[in-house]
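[1] fold the following for me, if possible:
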Amino acid sequence: MKKALFLDLDNTIYPVSSISDQLFKPLYNLIAEFENEMDQVELKNALYQISRRPFHYVADEYNFPKALKSRGIELLKNMSYEMPMRPYDGYDLIKTIPIHKFLVTTGFSKLQWSKVDMLGINDDFNEIHIVDLEISTKTKKDIFKDIMERFNYKIEDILVIGDDPESEIKAANELGLETFLYDPEDKHPDAQVTHKHPHLKDVLNYIN
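    Have a look, this model is predicted:
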C-alpha cells in the first residue's frame with residue numbers, strides 16, 4: 001500500500017487548455033509585439049509549449065528576446081485566474097484515497113495559488129508546494145526529497161503523478177520513485193516511466 005501521492009497541477013489535475021485562451025491572452029499579445037524578431041517555426045512551437053511548461057523554460061529554449069522574457073515574467077508573476085475551473089474526470093476518485101497527498105507544481109506563486117483556489121482543492125492535500133523560479137532555486141526534486149525526509153517515507157511508499165516526462169517524472173526517476181504519467185493524447189510514447197495511462201482514474205490500480 002502506498003503511503004503518499006505526489007501530484008503535479010497543470011495538465012495533471014486539470015487541463016490548461018480549458019483556461020489558456022483567457023489566461024494567456026495578455027501574454028500572447030505581448031509575444032506578438034516581438035514576432036518579427038523571432039524565427040517563425042520556433043515562435044509557433046513556443047506558443048504551443050506555453051500552455052504546457054513554465055514560461056522561463058519556454059523562453060530560454062525558444063530564444064525569446066531578453067525584453068520579451070523579462071516583460072513576460074513581470075506580466076505572469078502579477079497574474080491570477082478567477083473564473084470557475086474543473087478538474088479532470090478521475091480526480092474526484094484520487095482525492096478520496098485515504099493516504100497522504102502532496103501537490104508540487106512549478107509556476108508563479110500568485111497564479112498557481114489562484115488556480116488551486118478556483119479548483120477548490122486546498123483541503124485535498126496535506127501540503128501544497130509551489131516551485132516559483134522567481135523566488136527560489138529549489139526544484140521539484142528538492143521538494144520531493146524534503147517531504148520524504150520529514151515524513152520518513154521509503155522509496156516504495158510513494159507514487160508520483162504527472163504529465164511531464166521532463167519535470168516531475170524526471171525528478172522522481174532520479175530519486176528512484178515509482179511514476180504514473182498521465183498522457184491522454186499519447187504525446188510521450190517513449191517516456192521513461194513506471195506506468196503510463198490515458199485515464200487519471202487508473203492511478204487507483206497502483207496504490208496497493
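[2] when you work out contacts or count neighbours from here on, use the C-alpha atoms and nothing else.
    Noted.
[3] how about Pro84, nearest residue that isn't a chain neighbour?
    Met118 (5.7 Å; Cα to Cα, 6 or more residues apart in numbering).
[4] separation between the one you found and Thr106?
    Distance, Met118 to Thr106, by Cα to Cα, to the nearest Å: 17 Å.
[5] circling back to that earlier point, the residue nearest to Pro84 touches Pro87, doesn't it?
    No. Under the criterion of Cα atoms under 8 Å, Met118 makes no contact with Pro87, lying 10.1 Å away.
[6] part of a helix, is the residue nearest to Pro84?
    Yes. Secondary structure of Met118 (DSSP: H, G, I helix; E, B strand; the rest coil): part of a helix.
[7] what distance do you get for Asp142 to Thr96?
    Counting by Cα to Cα, the separation of Asp142 from Thr96 is 27 Å.
[8] ok, those two, which is more surrounded?
    Asp142 (13 against 9; other Cα atoms under 10 Å).
[9] wait, what's in contact with Asp8?
    103-105, 161-163, 168 (Cα atoms under 8 Å, 6 or more residues apart in numbering).
[10] determine which two of these are furthest apart.
    With Cα to Cα as the measure, no two of the contacts of Asp8 lie farther apart than Leu103 and Asp163, at 13.4 Å.
[11] quick one: end-to-end length of stretch 4-21, please.
    Start-to-end, stretch 4-21 (Cα to Cα) is 34 Å.
[12] how about stretch 53-69: buried residues?
    By 16 or more other Cα atoms under 10 Å, the buried positions in stretch 53-69 come out as 53-56, 58-59, 62-64, 68-69.
[13] residues in contact with it?
    By Cα under 8 Å, 6+ apart, stretch 53-69 touches 30-31, 34, 37-38, 42-43, 46, 49-50, 72-73, 106-107, 133.
[14] show me the strands in this structure, by range?
    Secondary structure of the chain by DSSP state E: the strands cover 4-7, 100-106, 127-131, 158-162, 178-182, 195-197.
[15] Leu119 contacts Arg86, correct?
    Yes. Using Cα under 8 Å, Leu119 is in contact with Arg86, at 6.0 Å.
[16] and the strands of the chain as CSV, adding mean neighbour count and distance to Pro15?
    Shown next, in CSV, are the strands of the chain (neighbours: other Cα atoms under 10 Å; distance: least, Cα to Cα, whole Å):
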stretch, mean neighbour count, distance to Pro15
strand 4-7, 23, 14
strand 100-106, 21, 14
strand 127-131, 19, 18
strand 158-162, 25, 12
strand 178-182, 24, 11
strand 195-197, 18, 16
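[17] tell me which two of the contacts of stretch 53-69 sit farthest apart.
    Top of the distance list for the contacts of stretch 53-69 (Cα to Cα): Glu37 and Thr106, 28.1 Å.
[18] show me what the worst-scoring helix or strand of the chain on mean pLDDT is packed against.
    Ranked by mean pLDDT, DSSP states H and E, the weakest helix or strand in the chain is helix 40-49, scoring a mean of 90. Packing partners of helix 40-49 (3 or more Cα pairs under 8 Å, 6 or more residues apart in numbering; DSSP states H and E): helix 55-61.
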